[in-house]
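1. mind folding the following:
(chains A and B)
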Protein chains: 2
Amino acid sequence: MNVNELPIGVFDSGLGGLTAVRELKEILPHENIVYFGDTGRLPYGTRSAETIIKYACDDMNFLLTNSVKAVLIACGTVSSTALGVLKSSFDVPIFGVVEPASAEAVSLTKKKKIAVLATPSTISAKAFDKAIAGIDGSVSVCGIGCPMFVPLVENGYIGEDCFVTKEIVNEYLSKLENFAPDVIILGCTHYPLIKSIISKTACEKFGKTEIVDSGKVSAHALKKYLDQNGMAKTDGEGFTRYYVSDEPHNFGKTASLFLGEQVDNVSKIDMEEYLYKK
Amino acid sequence: MNVNELPIGVFDSGLGGLTAVRELKEILPHENIVYFGDTGRLPYGTRSAETIIKYACDDMNFLLTNSVKAVLIACGTVSSTALGVLKSSFDVPIFGVVEPASAEAVSLTKKKKIAVLATPSTISAKAFDKAIAGIDGSVSVCGIGCPMFVPLVENGYIGEDCFVTKEIVNEYLSKLENFAPDVIILGCTHYPLIKSIISKTACEKFGKTEIVDSGKVSAHALKKYLDQNGMAKTDGEGFTRYYVSDEPHNFGKTASLFLGEQVDNVSKIDMEEYLYKK
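-> As a prediction, this is how the structure comes out:
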């Protein structure tokens, strides 16, 4: 089979990566996508680097059984912690969210002050700090770990008027009051679901603030790579298959709401069959 | 070695089971305890029954390598979902939290109305409903799934004045306004850490409300069994070893705070070495 016809692999700890899938379907409508959400082991962002790397290797191992032509790590935590290990362990082009989101943020900041909201593991890894320093050393970066955002999103506390989420957003953004960024990177692909609350609170606190959705910009980086390397699929309607490591029904329901289309092709896999051995 | 000298095994998805350990250390000070917290795969309470049973079998598999004389499942989710499977799969006395907490609640209720606050998986399993019906069929039970309590507790939102936790407690207890219980079972061993907020809110809404801490009463049930069967250790100072499936440092720090004593003997195990095969 021609490489162009092969699917793109996308993975995340759970639902968050669908923010990237939605964008991929929009900008690469002909591509087939294999999505994996590790719902049996989520969340990743409060675990140790060692555990995240292990889980990410298993996830890659599964995706590669689907003959994917490229992989998008639609997970800020894995992108920040495991990208290097994955690139050296697996023979397929792999894209994370850190580089594209950092480049976008640097292009947008006028005050040269970028904040990163992400999981505690991502903040500890300092991957966004390093990527931004590599692009423009004069830009300051301030990272804030936001451990409650994933549970809030996974449990549906995403309405614009949601009192609890507004309170937690306020708590985390208050830590940026002295720093006062003009660009905020959502360094976890779950966070776009509460983007409007984050954006509104940030604008109240810091004035006009641009929000960078890391899943979305990384989808564009992947498109650019496929186009430049003649690897894109250029005709036919793309089809997305979803796999999870826990019960598929709830995932399908939430994914349908989220993507605005019926998602009934969700299958459960047995993770133990894909444990990665070096 | 005499069976009395063997340790007690205790496990939970994470920190919650320490509420039972604290009680065990108080009432059985001579016993050695092996505690396992599956921090690499927590939380359990939002996963499917199939996945919870699988994980619980792995956890038991690990504890049995420590020659434990009895096991306390210090986890409401596992007790509600997997107790039967564990009892038929493993040859050791196994105790859950559901039966003791149900018996205690039935003995306390005057209005014959018991509410259960627990994880969504526990509520779906209806184990408390069945246990209470088996003790007194005239008692009504109303279960409320509280998916945000574990993330709140694991992230330290446990202060009596914590605004967000008070808001979420109020949200869940509001669902009981028509039912108006006089006894509430905390059906997850994490919840005692926010017991005072739950108790205060319940008393405001329903009048005097007794709170049953399921981890605590199950420790007493285990003591009774050991005493009645001549299996208790009756001298020497008990020692507790802690094992986790992710990075041990943070667990030790939080456990120290929680148990009010230095916890530095926490080891990480590789869960893949203990995967249970039927």
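2. make it CA atoms for all contacts and neighbour counts henceforth
-> OK.
3. let me see the ranges of the strands in the stretch 151-278 of chain A.
-> A:183-186, A:210-213, A:240-244, A:266-268 (DSSP state E, counting those that start in this stretch).
4. which of these sits most buried?
-> Each of the strands of the stretch 151-278 of chain A was given a mean neighbour count from mean count of other C-alpha atoms under 10 Å in any protein chain shown, and the largest, a mean of 24, is that of strand A:183-186.
5. what ranges does the stretch 1-150 of chain A have for its strands?
-> Taking DSSP E, counting those that start in this stretch as the criterion, the stretch 1-150 of chain A carries its strands at A:8-12, A:33-37, A:70-73, A:94-95, A:113-118, A:140-145.
6. for chain B, see how far away residue A:121 is.
-> Using C-alpha to the nearest C-alpha, to the nearest Å, residue A:121 is found at 12 Å from chain B.
7. which residues of the stretch 151-278 of chain A lie near chain B?
-> A:151, A:152, A:155, A:164, A:167, A:168, A:246, A:247 (C-alpha under 8 Å from any C-alpha of the partner chain).
8. cool, the stretch 1-150 of chain A as well?
-> Where proximity means C-alpha under 8 Å from any C-alpha, the interface of the stretch 1-150 of chain A facing chain B comprises A:40, A:41, A:42, A:47, A:48, A:51, A:147, A:148.
9. by neighbour count, which of those residues wins?
-> Counting neighbours by other C-alpha atoms under 10 Å in any protein chain shown, the top entry in the residues of the stretch 1-150 of chain A next to chain B is residue A:40, with 26 neighbours.
10. could I get the strands of the stretch 1-150 of chain A as JSON lines with distance to residue B:22?
-> Shown next, in JSON lines, are the strands of the stretch 1-150 of chain A (distance: least, C-alpha to C-alpha, whole Å):
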{"stretch": "strand A:8-12", "distance to residue B:22": "37"}
{"stretch": "strand A:33-37", "distance to residue B:22": "37"}
{"stretch": "strand A:70-73", "distance to residue B:22": "42"}
{"stretch": "strand A:94-95", "distance to residue B:22": "46"}
{"stretch": "strand A:113-118", "distance to residue B:22": "34"}
{"stretch": "strand A:140-145", "distance to residue B:22": "31"}
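11. tell me the most buried of those?
-> Of all the strands of the stretch 1-150 of chain A, as judged by average neighbours under mean count of other C-alpha under 10 Å, the leader is strand A:8-12 with a mean of 27.
12. per the annotation, how does chain A divide into domains?
-> Each domain of chain A is listed here as a residue range: A:3-96+A:216-274, A:98-214, per automatic domain parsing.
13. of all those, which one comes closest to residue B:141?
-> Using C-alpha to C-alpha as the measure, domain A:98-214 is the one of those that comes nearest residue B:141, at 24.4 Å.
14. check contacts around the residue in the stretch 51-200 of chain A positioned nearest to chain B.
-> Going by C-alpha to the nearest C-alpha, chain B is nearest to residue A:164 of the stretch 51-200 of chain A, at 6.0 Å. When contacts are counted by C-alpha atoms under 8 Å, 6 or more residues apart in numbering or on different chains, residue A:164 is found next to A:157, B:164, B:167, B:168.
15. cutoff 6 Å now
-> Going by C-alpha atoms under 6 Å, 6 or more residues apart in numbering or on different chains, residue A:164 touches residue B:164.
16. same question, residue A:142
-> The contact partners of residue A:142, by C-alpha under 6 Å, 6+ apart, come to residue A:115.
17. beta-bridge partners for it, please?
-> Listed beta-bridge partners, residue A:142: residue A:115 (assigned using DSSP bridges).
18. looking at the residues of the stretch 151-278 of chain A next to chain B, state which has the most neighbours.
-> Neighbour tally across those (other C-alpha under 10 Å): the maximum, 26 neighbours, falls on residue A:246.
19. from residue A:200, how far off is it?
-> 35 Å (C-alpha to C-alpha, to the nearest Å).
20. from memory residue A:30 sits against residue A:236, does it?
-> Yes - taking contacts as C-alpha atoms under 6 Å, residue A:30 lies within contact range of residue A:236: 5.4 Å.
21. neighbour count winner among those two?
-> Neighbour totals were compared for residue A:30 and residue A:236, and residue A:30 leads with 18 against 11 (other C-alpha under 10 Å).
22. pull the contacting residues for the closest residue to that one other than its chain neighbours.
-> The shortest distance from residue A:30 to any non-neighbouring residue, by C-alpha to C-alpha, 6 or more residues apart in numbering or on different chains, is to residue A:238 (4.3 Å). Contacts here follow C-alpha under 6 Å, 6+ apart; on that basis residue A:238 touches A:29, A:30, A:31, A:32.
23. and these, which is closest to chain B?
-> Among these, and counting by C-alpha to the nearest C-alpha, the member closest to chain B is residue A:32, at 28.7 Å.
24. number of residues surrounding that closest one?
-> Burial measure for residue A:32: 23 neighbouring residues, criterion other C-alpha under 10 Å.
25. wait, isn't it in contact with residue A:7?
-> Yes - between residue A:32 and residue A:7 there is a contact at 4.6 Å, judged by C-alpha under 6 Å.
26. please report how far the closest residue to residue A:268 other than its chain neighbours lies from chain B.
-> Excluding its sequence neighbours, the residue lying closest to residue A:268 (C-alpha to C-alpha, 6+ apart) is residue A:244, at 5.0 Å. When C-alpha to the nearest C-alpha is the yardstick, residue A:244 and chain B sit 12 Å from each other.
27. correct me, but residue A:244 touches residue A:37?
-> Yes - Residue A:244 is within contact range of residue A:37, at 4.8 Å (criterion: C-alpha under 6 Å).
28. hang on, the earlier thing: now render the domains of chain A as JSON lines, adding mean pLDDT.
-> Listed next are those as JSON lines, based on pLDDT from 0 to 100:
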{"stretch": "domain A:3-96+A:216-274", "mean pLDDT": "96"}
{"stretch": "domain A:98-214", "mean pLDDT": "97"}
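29. same list, the ones you listed, but as CSV with distance to residue B:64 please.
-> As requested, those are arranged in CSV below (distance: least, C-alpha to C-alpha, whole Å):
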stretch, distance to residue B:64
domain A:3-96+A:216-274, 21
domain A:98-214, 32
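30. closest to residue B:70 out of these?
-> Among those, domain A:3-96+A:216-274 comes nearest to residue B:70, with 27.9 Å by C-alpha to C-alpha.
31. end to end on that closest one, go ahead and measure it.
-> End-to-end for domain A:3-96+A:216-274, by C-alpha to C-alpha: 24 Å.
32. in chain A, what residue comes closest to chain B?
-> Checked against chain B (C-alpha to the nearest C-alpha), the nearest residue in chain A is residue A:41, 5.3 Å away.
33. for that residue, which non-adjacent residue is spatially closest?
-> residue B:41 (5.3 Å).
34. same question for residue A:165.
-> Distances taken as C-alpha to C-alpha, 6+ apart place residue A:157 nearest to residue A:165, at 6.4 Å, with adjacent residues excluded.
35. quick one, what contacts the residue nearest to residue A:268?
-> With contacts defined as C-alpha under 6 Å, 6+ apart, the neighbours of residue A:244 are A:36, A:37, A:38, A:39, A:268.
36. quick one: contacts for the first one?
-> The contact partners of residue A:36, by C-alpha under 6 Å, 6+ apart, come to A:11, A:243, A:244.
37. ok, now the fourth one?
-> Contacts for residue A:39 (C-alpha under 6 Å, 6+ apart) come out as A:14, A:244, A:245, A:246.
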